[in-house]
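A.B. asks: here's my sequence, what's the structure:
(3 chains)
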Amino acid sequence: MRLVAKGDRGAFEELYRRTSPWLAVRLRRRCADEQIVAEVMQETYLAVWRAAGAFAGAAVGGTAVGWLWTIAARRLVDAFRRRAHHAEPPPAAAVPEVAPGAEELALAETVGGDVGDALRCLAPELRQVLQAMVLDGLSVRETAVLLGLPEGTVKTRARRARIAMRRALA
Amino acid sequence: MTSAVSAADIAPTAYAWEILATGLKVRVGRKRMAVDGLDLSLGTGVHGLLGPNGAGKTTLIRTLATVLRPTEGTLELLGESVGGVAGMGEHRALRRRIGYLPQEFGYYKRFTVREFVEYMAWLKEVPKAEIPAAVQRAVERVGLADRADDRMKSLSGGMVRRVGIAQAIVNDPTVLLLDEPTVGLDPAQRLRFRELLQELGTDTCVLVSTHLVEDVAAACTDVVVFAEGRLVFQGPPDELASMGGPEHAGDSPLERGYSALLLNPEQGRGSW
Amino acid sequence: MSGERGERGEHASARIVEGYARGGAGLAADEVWAVEAHLEVCRGCRDRLSAAVGAGVPAVASLVDTVWSGLEPQLAATAPMPRGRRWSARLSRWMTPTMVPWLAMVVAVTLLALLLDLVGTGSGSGSGDVSLVLLFAPVLPVLGVAASWSRGLDPAYELTASVPRAGLQLVLRRTASVLGVVVPALLVGGWATGVMVAQWLLPCLAFTATTLALGGIVGVTRAAVALAAVWAAVVVAPTLAAGRTAFALRADGLPAWGLLLVLGIGVVIARRGAYSVLGAHR
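C.D. replies: Numbering: from 1, shown residues only, chains lettered A, B, ... in the order given. Alright, predicted model coming up:
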C-alpha cells in the first residue's frame, strides 16, 4: 500500500490484478446489474489511487482487503441510493434458494457445524439481512437502501434472525 | 469483515419523526422571539425551508443543530429531547448523527480541503479507522475529488461552500441541516447538488434553507414556509404553487404561491 | 456470529471456489458465508479465485478488463495524494488552528517582562522588588483562552460549537495547550528572576479557571477582557505606582488563589454544557 501511496503505478496495477476478481465476484453476488458493479469498482479503485496515503495508515489496522471491501460496499449503497429515487430500484441479487448441497467438511468446520446448519435453515430473507449487516458490515440504514426495504423491516428481520440463530444454537 | 450487530442497532425505532417541535420558542437577544410557537414535524426526505429574511430561519436551524437552546416548548431530535430540563446536557450521541452547514461558514484558510474535512470528522467523533475513507467519500460526493489537496484559500466561493457540504455529510448523518448551501454555485453545480440532495433524501431527513425557489421546486419533496417565527405552510411544492394565481407577483408558479401566502399588498412601497 | 476464521490452515476446496466464482445458487448458504469470510483473510485462496475466474468465468474476466480500461486513462490524469503533514493534524486537535499569532505574543511578552525585570534588578531602581513576570503571569493564559474561543479569531467557531466533541473535552484540550505554552515560558522567566514557582503558578491557573467559568456565562472574550481589566486596575497599577508587591502577589495570598482555582474548576465542570452552545463563543 505504501508503494501505491508514493505514486507507483506498478504497485497499483498489482493491487488491482490481485483483488479485482475477488471484488467483482463478491459485488456481483449482491447486485445483478453489471453496469452498477463496473461503476462501483471503478470508483473504488480510483478512490484508492487518489487517497492511498490516507488509506495506508488505516489498512494496517484491519485485514488488508477488508477496508477495500468497506469502500466498495459504501459505494454500492450510494449507487443504489442514486437510482432509488428514479423509481426503478436496481435489482439486488436474487435471493438464492436453499440448495441441498453436499457438506464440504473442511469449510463446515470453519463455520462450525451447528452454526452452519443454523444458517442454512434460516429463512432466506432473514439471512440476507444478516449477511448485509454482519458479513458486509453495513449499518441498518445502508442495508435498507441496498435491499430496498424500509428501515423498520430491516430491524425486524435482524431481530428475528437473531432469535432464530439463538434458538438453533441453544 | 465480520462485525457485531448490537441490540441497540436493531431495536425498533422509538420515534415517528426525525424532527418534532411543539410550541417551540427561541429568544434571540434580549427581547425578540425569533421562533414564536412553532409546531413542526419532519421525517425522511428533503424539506425546503422558505421565508423572508430576518424571519428567524437561521435561528431555527441553529436550534435544530443544538447550538442554541430553546427558550420554551419542546423539541425532539431522533427521539431525544432537546431543551427544557434536559437541555443542559451535551447531546454527544445525538450530535454524532447530525450534520450542519451554517450560513456563515468559517474555515481555516491554511488547511487543505482534505485536512479540513478530516479535522471536522475528528471533531464529530467519527471512529479513527474510518476517517480516511469517510473523508474521501464525502469529498467525491461533492465533486471536489480533484481539488482535495489544494489549500482552501485557493478555492472559489462555490467550492468553499461545497467543502462545507462535505464536512456536513462526512459522518453520514441521519439529520442534515443546510443553511444556504447553494450560495456561489453556478447552475451546473446546483444541478449536481440537487442530485446529491435527492440521493441523500432516500434515508436522511434533510432540511435546506434557501432563497432560490428553483432549488426548492426541483429537489424538495416538501416545502416549509416560515414567517414571523411561525409555520405558515407545509406541504408539497405543487400545493404551494397552486395557491398562487396570475394576480400575484412572481415569475414561476412557486413564487406566485409564495407571494400569495406572504406578501401583503397593502404594505407601502417603503418597506419590503 | 463471528466464529468464522480461516487461520486454522484449512482452505476452501476447488469446488467451492469455483462455485463461488460462478455466482448463482450452486453453493449452500453457509458455504457461501464461510468462503466469503475466509477470502477476506486468505490471500492464497484469493489467488485461486482469480485463477478460477480466468479459467472458467468469462463474464467476470471481461468485467475486470472493462473496468481497468476505463480506469487507466483516469490514473494518468489524477495525481495521487501527496504525503501529508501528519503533525499539523495532530496539533490542531489540541490547539485552535489559528493560534499562531497568540503564541508569538506570549513568547514576546514573557521575554519582554523578563528583560525588564533583569534590567530593573540590575539598576536597582524603578519598580524595585516587584517582579514584572509575576505581574503579567496571570494575564497571559487568560488572553490565550480568549484567543482560543473568540469569535473574531476562530472563523469556524459555529461549527466547533455544534460538534459532539464540543464541551468539556475540547475545552480541556485547548486550555491544556494554552497552559503548555505559558507555563514553560513563565518557568524560564521565574527562574531567571528568582520568583517562587507557586507564586505565579497558582494565580495563573486560578485566572484560567475563572476565565473559563465566567466565559460559560457571559462569553469567553468578555470574561477575559473583564478579568484583564480588573487585574490591571486592582493590582498592576497600584503596584507599579507604589513600588511594592501587592498583597495578592505575596506568598500569603496563595491560599486565596487556591480557593479561587478550586471554585473555578467546580463551576466549569458544573456548567460543562455551556461550552457546546454559541453563547460561550462571544
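
A.B. asks: report the distance from the helix or strand containing B:Asp39 to the chain centre.
C.D. replies: Using DSSP states H and E, B:Asp39 maps to strand B:32-42. Relative to its chain's centre, strand B:32-42 lies at 16 Å (C-alpha atoms, centre = their mean, to the nearest Å).

A.B. asks: pLDDT of it, averaged?
C.D. replies: Taken as a whole, strand B:32-42 has a mean pLDDT of 90.

A.B. asks: what's the first helix or strand after it?
C.D. replies: Next helix or strand after strand B:32-42 toward the C-terminus (DSSP H and E): strand B:45-50.

A.B. asks: quick check, central residue of chain A?
C.D. replies: Centroid-nearest residue in chain A: A:Asp136, 3.8 Å away (criterion: C-alpha atoms, centre = their mean).

A.B. asks: so what pLDDT did the nearest residue to it once chain neighbours are set aside get?
C.D. replies: With C-beta to C-beta, 6 or more residues apart in numbering or on different chains as the criterion, A:Asp136 has its nearest non-adjacent residue at 5.2 Å, and that residue is A:Ala73. Any C-beta I mention is one placed from the backbone N, CA and C, and that applies to glycine too. Predicted confidence (pLDDT) for A:Ala73: 94.

A.B. asks: surely A:Ala73 meets A:Met133?
C.D. replies: No - between A:Ala73 and A:Met133 there is no contact under C-beta atoms under 8 Å: 11.2 Å.

A.B. asks: do you know how far A:Arg18 is from A:Ala54?
C.D. replies: Between A:Arg18 and A:Ala54 the computed distance is 21 Å (C-beta to C-beta, to the nearest Å).

A.B. asks: so between those two, which is more surrounded?
C.D. replies: A:Ala54 (21 against 15; other C-beta atoms under 10 Å in any protein chain shown).

A.B. asks: who does B:Ala21 bridge with?
C.D. replies: Beta-bridge partners for B:Ala21, by DSSP bridges, are B:Leu40, B:Leu75.

A.B. asks: residues near it, how many?
C.D. replies: The tally of other residues near B:Ala21 (other C-beta under 10 Å) stands at 26.

A.B. asks: what's the neighbour count on the residue in the stretch 51-200 of chain B positioned nearest to chain A?
C.D. replies: In the stretch 51-200 of chain B, the residue that lies nearest chain A is B:Pro132 (3.7 Å; C-beta to the nearest C-beta). By the criterion of other C-beta under 10 Å, B:Pro132 has 25 neighbours.

A.B. asks: below-threshold pLDDT in the chain: ranges please.
C.D. replies: Went with chain A since none was named. A:1-7, A:56-64, A:85-113 (pLDDT under 70).

A.B. asks: switch to chain C, that's the one I care about
C.D. replies: C:1-10, C:79-86, C:101, C:120-131, C:195, C:242-252, C:280, C:282.

A.B. asks: got the contact list for the residue positioned nearest the centre of it?
C.D. replies: Closest residue to the average C-alpha location of chain C: C:Trp94 at 1.7 Å, with C-alpha atoms, centre = their mean. Neighbouring residues of C:Trp94 by C-beta atoms under 8 Å, 6 or more residues apart in numbering or on different chains: C:173-174, C:176-177.

A.B. asks: for the residue of the stretch 51-200 of chain B closest to chain A, which non-adjacent residue is spatially closest?
C.D. replies: A:Ala54 (3.7 Å).

A.B. asks: and what about the residue of chain B found nearest chain C, helix, strand or coil?
C.D. replies: Chain C sits closest to B:Gly106 of chain B, with a gap of 3.2 Å, by C-beta to the nearest C-beta. Look at B:Gly106: counting by DSSP: H, G, I helix; E, B strand; the rest coil, its state is coil.

A.B. asks: that one: neighbour count?
C.D. replies: For B:Gly106, using other C-beta under 10 Å, the count is 15.

A.B. asks: let me see the contact set for it.
C.D. replies: Shown in contact with B:Gly106 (C-beta under 8 Å, 6+ apart): C:154-159.

A.B. asks: in terms of pLDDT, where does it sit?
C.D. replies: B:Gly106 carries a pLDDT value of 90.

A.B. asks: for whichever residue of the stretch 151-282 of chain C sits closest to chain B, what are phi and psi?
C.D. replies: Here the stretch 151-282 of chain C gets closest to chain B at one residue, C:Pro155, 3.2 Å apart by C-beta to the nearest C-beta. Note on C:Pro155: backbone dihedrals following degrees, to the nearest 10 are phi -60, psi -30.

A.B. asks: what lies in contact with the helix or strand hosting B:Val208?
C.D. replies: Element membership for B:Val208 (DSSP H and E) is strand B:205-209. Residues outside strand B:205-209 that contact it (C-beta under 8 Å, 6+ apart) are B:18-19, B:42-49, B:57-58, B:61, B:64, B:103, B:174-181, B:197, B:200, B:215-216, B:219-220, B:224.
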